[in-house]
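Participant: please find the sequence and the predicted model below.
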Amino acid sequence: MNPSFHKVQSEQKKRGAALGITCVLFILIIIASRTIVPDFPKESRLDEGSISSAASRRFTIYNLTGDLTLEATTFLGQFASPVPSLPSSIAPGGLYSFVVGTTQGDNVAIARYKAVNSSGSTLGNIGMRMGVWDSGFALTPELSGSLTSYQESSTVYIYRQY
């Protein structure tokens, strides 16, 4: 046999072995980095309703009164863009979502509505205090008149009480 042929085969085996060793080292580095570097703490991960940072959260209000329109009277605090503006209303069966929190740390926003029937009479008031901070959130609905609510996480369902 030709000695140069054996030389070429030998060099190809060396290249193949070098490539194999490189792949094995790369895989070991990935395994080691995932083992040694811990995951981020759960609190700093984005919540399902947040948009841009760990200090943001989406809050939603559903109007399930059946026949009352929720007319906004006040928006105060640290709403993220787009900031809600007046006039604004939520029709029966409708919803509106707010995103609260624009900075790391404590973020608080307040939305107030009046519940109005078709003749223009106010039958109740709603206040939603929404707070977001680095480690969690809070939603506190305050209702008056013939209204009641059900809360699930960062969502409030408004009902009419008969």
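Facilitator: Thanks, I have it.
Participant: following the longest strand anywhere in the chain, which helix or strand comes up?
Facilitator: Counting residues, the longest strand found in the chain (DSSP state E) is strand 122-133. For strand 122-133, the following helix or strand on the C-terminal side (DSSP states H and E) is strand 136-145.
Participant: hmm, back to that, who touches the longest strand of the chain?
Facilitator: With contact meaning Cβ atoms under 8 Å, 6 or more residues apart in numbering, strand 122-133 is reached by 55-57, 59, 61, 68, 70, 77, 98, 100-101, 105-117, 137-147, 149, 154, 156, 158, 160. In short, each C-beta sits where N, CA and C put it, glycine included.
Participant: show me which of those are buried.
Facilitator: By neighbour count, with 16 or more other Cβ atoms under 10 Å, these hold 55-57, 59, 61, 68, 70, 77, 98, 100-101, 107, 109-116, 137, 139, 141, 143, 147, 149, 154, 156, 158, 160 as buried.
Participant: strands - which of the contacts of strand 122-133 land there?
Facilitator: 57, 59, 61, 70, 77, 98, 100, 107-116, 137-145, 147, 149, 156, 158, 160.
Participant: Arg58 is in contact with Tyr96, isn't it?
Facilitator: No. In this structure Arg58 lies outside contact range of Tyr96 using Cβ atoms under 8 Å: 10.8 Å.
Participant: who has more neighbours out of the two?
Facilitator: Arg58 (20 against 17; other Cβ atoms under 10 Å).
Participant: beta partners for the more buried one?
Facilitator: Taking DSSP bridges as the rule, Arg58 bridges to Val99.
Participant: state the pLDDT value of the residue lying closest to Glu142 once chain neighbours are set aside.
Facilitator: Ranked by Cβ to Cβ, 6 or more residues apart in numbering and with sequence neighbours excluded, the top spatial neighbour of Glu142 is Gly127, at 4.1 Å. pLDDT for Gly127: 92.
Participant: could you do Leu46 as well?
Facilitator: Value for Leu46, per-residue pLDDT: 40.
Participant: same check, this time on Arg15
Facilitator: So Arg15 comes in at 69 (pLDDT).
Participant: so how far is Thr69 from Asn63?
Facilitator: Distance of Asn63 to Thr69, given as Cβ to Cβ, to the nearest Å: 8 Å.
Participant: next, show the common contact partners of these two.
Facilitator: Common neighbours of Asn63 and Thr69 (criterion: Cβ under 8 Å, 6+ apart): 90-92.
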